[in-house]
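[1] generate coordinates for the sequence data below:
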Amino acid sequence: MLKRIALLTSFLLVLLPSLVLAGDAPLTAGQVQTNLNFVWTLVAAFLVFLMQAGFAMVEAGFTRAKNACNIMMKNMMDFSVGAIAFWAVGFGLMFGGSNGWFGTSDFFFGGAVGDDAPWNYAFWMFQVVFAATAATIISGAVAERTKFSAYLVYSVLVSALIYPIFGGWAWGSLYHGNGWLEGLGFIDFAGSSVVHSVGGWLALAGAIVVGPRLGKFDKDGKARPIPGHNIPIASLGVFLLWFGWYGFNPGSTTTGDTSIALIAVTTTLAGAAGAFSAMAATWIKYGKSDIGMTCNGALAGLVGITAGCANVSPASAVIIGLVAGVLVLFSVLFFEKIRIDDPVGAVSVHGVCGAWGTLAAGLFDSAGFSLKTVGVQLVGIGACFAWAFVAGLVVFKLIDLVIGMRVTEEEELAGLDFSEHGANAYPDFHTVHLGSVITPGGSGGNASRAVDSLSARPVEQP
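    Prediction:
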């Protein structure tokens, strides 16, 4: 009996590994590549998602302490409400079966079925973080004086309508769509126009409608500086954004192959060149190397390379970044001169440098210079501005008429943290303004006490 058991055990030990291996056939090279594409696309999407944190820190650092919670709430909620709006409506308008102008299918992501469903989910995940990026760019330009309820409304409209329409013109064929602009040969690999200029021109419309912050311009229209409360936080936000850009640009391949190496290099060089030229320009113009403008110069270079990151050389990327770094400085000065208050420079970084990057993708195209290509790029730049700026003006004006875009003067003086959220970002610290000291919400305080104390302050207050 024992001998039979021993023989049976030996038989099973020999046979079992063969049975296991027979049921777990080795993956083919194609299956390995497919799995790698999934992993790369989703990791890239997660990196782009991290950019939300970068935007939040940049905006909070470049604005005053009394509005830090409001900045965090806006960046948290524009992604949250925007993701749902993009899932329900925006994705279908951008990538659904199209007449060239807008999609008419795949609403509520109805196309994610069948054997392709897993890849469709990965593709949607990558696209939703792009939509959120366009929406959150507006936040900085209208910071410190905009109603939170108004912000929620236009975040939904941007994610559901404005961003997807232009996105479909340029990228619709990536799924079921067929945009008219991409049919002309428009180059925008990762979104200098589709994401950044759309967000930047919307930010311009929002800043015009909501108006400048109290005390930003004197009686002669001359801009007065309103320093941010935490430059280290803003700088850390720029580093986070730069890190996230490696998902933004190389991730737009949605393929785990060798092409991502060149894209990573062009992205790095343009960002570095933008930081350097912005630093040098401020040093020459003002005698000091300015940290805030240097940070914006890095972002300008990154925005500038986003359209052409896959079709320009490393040397061209340096030129694109150098130009963007100088361009952002003079753009900021220009908008201040015409009395448009943009606390973080969002219009200049994303709108203006996005347009420059889109043009540069044609000028420095590795396939060779072509007037036709440059002409198509100019058409795309013009179409982007016309659509995003005009649609933005309409949306912001309607919101202003219905619920109001701007908080009251008393609420703005008290700070949006307290007036909009009943919160205080730094409850253990006093907030100092022009020699006066207030503690909004500190020690169990309430909104009325803070507003009352601020109401007695001078009218002109940065």
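[2] isn't residue 78 up against residue 153?
    No. With contacts counted by C-beta atoms under 8 Å, residue 78 stays clear of residue 153, the gap being 11.1 Å. Yep, even glycine has a C-beta here, placed from its N, CA and C like the rest.
[3] please say which of the two ends up with more neighbours.
    residue 78 (28 against 19; other C-beta atoms under 10 Å).
[4] where's that one relative to residue 135, distance?
    5 Å (C-beta to C-beta, to the nearest Å).
[5] what do you get for residue 181?
    Taken as C-beta to C-beta, the span from residue 181 to residue 135 is 21 Å.
[6] equivalent analysis for residue 37, please.
    27 Å.
[7] who has more neighbours, those two?
    Counted by other C-beta under 10 Å, residue 37 and residue 135 do not tie: residue 135 has more neighbours, with 33 against 17.
[8] and the pLDDT at the more buried one?
    Residue 135 carries a pLDDT score of 94 in this model.
[9] wait, a helix at it?
    Yes. According to DSSP: H, G, I helix; E, B strand; the rest coil, residue 135 belongs to a helix.
[10] show the contacting residues for the nearest residue to residue 88 once chain neighbours are set aside.
    Counting by C-beta to C-beta, 6 or more residues apart in numbering, residue 88 lies nearest to residue 108, which is 5.5 Å off, once chain neighbours are set aside. With contacts defined as C-beta atoms under 8 Å, 6 or more residues apart in numbering, residue 108 is in contact with 87-88, 92.
[11] before we move on, what about residue 147?
    Applying C-beta under 8 Å, 6+ apart, the residues near residue 147 are 403-407, 420.
[12] quick one: those as a markdown table, columns for pLDDT, neighbour count and distance to residue 41 too.
    Converted to a markdown table, the contacts of residue 147 look like this (pLDDT from 0 to 100; neighbours: other C-beta atoms under 10 Å; distance: C-beta to C-beta, whole Å):
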| residue | pLDDT | neighbour count | distance to residue 41 |
| --- | --- | --- | --- |
| 403 | 96 | 11 | 38 |
| 404 | 97 | 14 | 41 |
| 405 | 97 | 24 | 37 |
| 406 | 97 | 16 | 40 |
| 407 | 98 | 22 | 41 |
| 420 | 97 | 22 | 37 |
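[13] between the residues you listed, which is nearest residue 302?
    Of all the contacts of residue 147, residue 302 sits closest to residue 405, with 29.6 Å by C-beta to C-beta.
[14] and the closest one, how far is that from residue 274?
    From residue 405 across to residue 274, the span is 32 Å (C-beta to C-beta).
[15] can you check residue 307 too?
    Residue 307 is 14 Å from residue 274, where distance means C-beta to C-beta.
[16] same question, residue 363
    Residue 363 sits 17 Å away from residue 274, going by C-beta to C-beta.
[17] same thing with residue 24?
    Using C-beta to C-beta, residue 24 is found at 50 Å from residue 274.
[18] also residue 353?
    Taking C-beta to C-beta, one finds residue 353 at 8 Å from residue 274.
[19] who has more neighbours, the two?
    Higher neighbour count among residue 353 and residue 274: residue 353, with 36 against 33, using other C-beta under 10 Å.
[20] show the model's pLDDT score for that one.
    On the pLDDT scale, residue 353 gets 98.
[21] what do you get for residue 115?
    pLDDT recorded at residue 115 is 75.
[22] that one: neighbouring residues, count only.
    Counted by other C-beta under 10 Å, the residues lying close to residue 115 total 6.
[23] run through the residues that contact it.
    Per C-beta under 8 Å, 6+ apart, neighbours of residue 115: none.
[24] and for the one 4 residues further on?
    In this structure, residue 119 makes contact with residue 38, judged by C-beta under 8 Å, 6+ apart.
[25] what kind of secondary structure is it in?
    At residue 119, secondary structure determined by three-state DSSP is helix.
[26] could you check how far it is from residue 255?
    Taking C-beta to C-beta, one finds residue 119 at 12 Å from residue 255.
[27] and for residue 386?
    Distance from residue 386 to residue 255, counting by C-beta to C-beta: 33 Å.
[28] so where's this protein shaky on pLDDT?
    1-23, 430-462 (pLDDT under 70).
[29] ranges for the helices of the stretch 301-450 of the chain?
    314-337, 346, 353-363, 371-402, 409-414, 416-421, 447-455 (DSSP state H, counting those that start in this stretch).
[30] so which elements touch the shortest one?
    To tie it back to what came earlier, the one meant is helix 346. Using 3 or more C-beta pairs under 8 Å, 6 or more residues apart in numbering; DSSP states H and E as the contact test, the elements touching helix 346 are helix 117-141, helix 198-210.
[31] so which of these comes closest to residue 228?
    Ranking these by proximity to residue 228 (C-beta to C-beta) places helix 117-141 first, at 10.7 Å.
[32] after that closest one, next one along is what?
    Sequence-wise, the next helix or strand downstream of helix 117-141 (DSSP states H and E) is helix 148-157.
[33] for that following helix, name the packing helices and strands.
    Using 3+ C-beta pairs under 8 Å, 6+ apart: helix 148-157 touches helix 68-85, helix 117-141, helix 371-402, helix 416-421.
[34] residues touching the next helix or strand after that helix, excluding its own?
    For helix 148-157, the following helix or strand on the C-terminal side (DSSP H and E) is helix 163-171. Here helix 163-171 makes contact (C-beta under 8 Å, 6+ apart) with 86, 89-91, 93-95, 98, 100-103, 130-131, 134-135, 177, 179-182, 186, 188, 193-195, 198-199, 380, 383-384, 387-388, 391.
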